[in-house]
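Asker: prediction below, plus the sequence it came from.
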Amino acid sequence: MANEFTFSITTTRFDEDYAPSHSSRATTNFANLARGEHRQQNLRNVLRMIDRRFNDLVHWDNPTGDRYTVELEIVTAQLQFAAGSDDLEFPLLEILDIQIVDLQTGKRHQGIVGNNFSSYVRDFDFSVRLPMFNEGASEFSVPADFGALHGKLFQHFLDSAVYQERFAMPPVICLSVAANRTYRRTENYHPILGVEYRQSDFSLTDDYFGRMGLTVRYFMPRGAVAPLAFYFRGDLLNDYSNLQLIGTISTMETFQKIYRPEIYNANSAAASVYRPTLEQQDYSRTEIAYDRVERNQLALKQGAFTEEHFVKPHRELLERWSAHYPTPVR
């Protein structure tokens with residue numbers, strides 16, 4: 001069963017000259033920012049925001065606030081099937097790799113891989129399978145095995161020689177908190193991640209990432225106005241260096257200010273009991289164009305693409321493989 005498919009990795013530099021490849025998901029946040037008349041200015045502004053936030057958080061030995069710059073690469077994982085099918089290769093997922101450059105010493109520091117997460121199979125699950133499962137139902141529900149295949153494929157990729165030869169540490173995915181959950185501030189404070197929030201009612205996204213073998217914790221860093229959701233393997237607070245954690249915070253907080261300004265660019269910080277909402281009107285807009293409506297429309301199209309080119313032609317093989325693959329432990 002292990003030889004039914006393999007993985008390969010390609011990388012693309014994310015800078016002001018970035019242009020999405022033909023195989024990149026059109027709904028990926030990177031691609032959305034890199035389209036339109038002002039694409040290059042969009043990208044330039046994003047990178048400048050990341051660098052400023054990074055230097056703000058690395059305040060030691062950095063009196064002028066410009067010692068570091070962050071370099072980003074989009075990592076694409078391709079799943080390759082054995083011969084005998086027209087659809088032999090499929091772009092399984094995209095994550096983001098971070099390099100931190102100390103402009104004072106010239107030293108480069110490896111950041112955390114993961115950060116942003118983009119997946120065709122997740123598009124299929126949320127935009128095709130879930131609506132189909134609930135069609136005509138009087139009450140919303142989720143299939144018992146929802147996200148199981150995706151979770152096992154993700155874990156199999158992390159355990160593969162291809163991943164482990166390239167990356168020394170497991171990934172950390174950093175997303176927005178859910179807009180329909182209540183988060184409560186705790187007394188726990190980390191010098192980099194900030195104050196921890198907790199909530200006991202996991203969102204559908206939390207459960208989905210749990211299927212991927214990832215645990216979630218919520219932290220609001222110094223200077224932020226809302227907590228971020230960190231999904232990880234291992235020990236988030238002790239497995240990574242200060243610079244690595246700051247690389248993820250500065251990158252993903254910047255993206256969330258653009259994608260979810262109602263939450264992450266609000267004009268007031270999250271209270272002790274916090275319920276995020278996209279209906280918030282008291283927030284500042286960035287000067288960076290991002291089309292949320294288009295992104296949601298494309299998710300449906302790409303979910304259908306996944307069904308046609310991945311799920312249907314390989315259903316029997318995938319179901320057989322999934323049945324024998326151990327379920328990730330949350």
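Answerer: Looks like it came in fine.

Asker: heading toward the C-terminus, what's the first helix or strand past the helix or strand of the chain at the bottom of the mean pLDDT ranking?
Answerer: Lowest mean confidence among the helices and strands of the chain (mean pLDDT, DSSP states H and E): helix 29-33, at a mean of 61. Moving toward the C-terminus from helix 29-33, the next helix or strand (DSSP states H and E) is helix 39-57.

Asker: tell me the buried residues in that next one?
Answerer: Residues of helix 39-57 classed as buried: 39, 42-43, 45-47, 49-51, 53-55, 57 (neighbour count, 16 or more other C-beta atoms under 10 Å). C-beta: built from backbone N, CA, C; applies to glycine.

Asker: sheet-wise, list the partners of whichever helix or strand comes after that helix with their directions.
Answerer: Later in the chain than helix 39-57, the nearest helix or strand by DSSP H and E is strand 68-81. Here strand 68-81 is paired, per DSSP bridges, with strand 5-14 (antiparallel), strand 89-102 (antiparallel).

Asker: which residues are in contact with the following helix or strand past the longest one?
Answerer: Meaning strand 89-102. Using DSSP H and E, the helix or strand that follows strand 89-102 in sequence is strand 108-110. Outside strand 108-110, the residues within contact range by C-beta atoms under 8 Å, 6 or more residues apart in numbering are I98, Q99, I100, V101, D102, A168, S241, L243, Q244.

Asker: and the furthest pair within the residues you listed?
Answerer: Greatest spatial distance among these (C-beta to C-beta): D102 and A168, at 19.3 Å.

Asker: separation between R185 and T11?
Answerer: As judged by C-beta to C-beta, to the nearest Å, R185 and T11 stand 38 Å apart.

Asker: neighbour count winner among D102 and A168?
Answerer: D102 (16 against 8; other C-beta atoms under 10 Å).

Asker: contacts only, for the closest residue in space to the more buried one that isn't next to it in sequence.
Answerer: Among residues not flanking D102 along the chain, Y68 sits closest, at 6.0 Å (C-beta to C-beta, 6 or more residues apart in numbering). Going by C-beta under 8 Å, 6+ apart, Y68 touches D51, F54, N55, V58, N62, I100, V101, D102, L103, L243.

Asker: ok, 10 Å please
Answerer: The contact partners of Y68, by C-beta atoms under 10 Å, 6 or more residues apart in numbering, come to 51, 54-55, 57-58, 62, 100-104, 109, 243, 246-247, 250.

Asker: rewinding a little: with neighbour numbers in mind, choose between R185 and T11.
Answerer: Comparing R185 with T11 by other C-beta under 10 Å, the one with more neighbours is R185, at 18 against 11.

Asker: and the contacts of strand 108-110, which are buried?
Answerer: Neighbour-count burial (16+ other C-beta under 10 Å) applied to the contacts of strand 108-110 gives I98, I100, V101, D102, L243, Q244.

Asker: can I get those residues in a markdown table with distance to E279?
Answerer: A markdown table is the format used below for the buried ones among the contacts of strand 108-110 (distance: C-beta to C-beta, whole Å):
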| residue | distance to E279 |
| --- | --- |
| I98 | 32 |
| I100 | 36 |
| V101 | 40 |
| D102 | 42 |
| L243 | 36 |
| Q244 | 35 |
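
Asker: could you pull up phi and psi at L103?
Answerer: phi -70, psi -20 (degrees, to the nearest 10).

Asker: mind checking how far it is from T10?
Answerer: Counting by C-beta to C-beta, the gap from L103 to T10 is 28 Å.

Asker: what does A77 give?
Answerer: 9 Å.

Asker: avg pLDDT for the host helix or strand of Q164?
Answerer: In the assignment (DSSP H and E), Q164 maps to helix 161-166. Taken as a whole, helix 161-166 carries a mean pLDDT of 96.

Asker: any idea which of the strands paired with strand 68-81 is most buried?
Answerer: Scoring the strands paired with strand 68-81 by mean neighbour count under mean count of other C-beta atoms under 10 Å gives strand 89-102 as the most buried, with a mean of 20.

Asker: so that strand versus helix 39-57, what angle?
Answerer: 50 degrees (axes from the mean of the first three to the mean of the last three C-alpha atoms, to 10 degrees).

Asker: pull the CA atoms of strand 89-102 into CSV?
Answerer: This file holds the C-alpha atoms of strand 89-102, laid out as CSV (Å, rounded to 0.1, in the frame of the first residue of the first chain):
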residue,chain,number,x,y,z
GLU,A,89,0.0,13.8,-10.3
PHE,A,90,-2.1,16.1,-8.0
PRO,A,91,-1.1,19.2,-6.1
LEU,A,92,-2.0,18.1,-2.6
LEU,A,93,-1.3,21.2,-0.5
GLU,A,94,0.7,24.4,-0.2
ILE,A,95,2.4,25.7,2.9
LEU,A,96,4.8,28.5,3.6
ASP,A,97,8.5,28.3,4.6
ILE,A,98,10.2,31.2,6.4
GLN,A,99,13.8,32.4,6.3
ILE,A,100,14.9,35.1,8.7
VAL,A,101,17.9,37.3,7.6
ASP,A,102,19.9,39.2,10.1
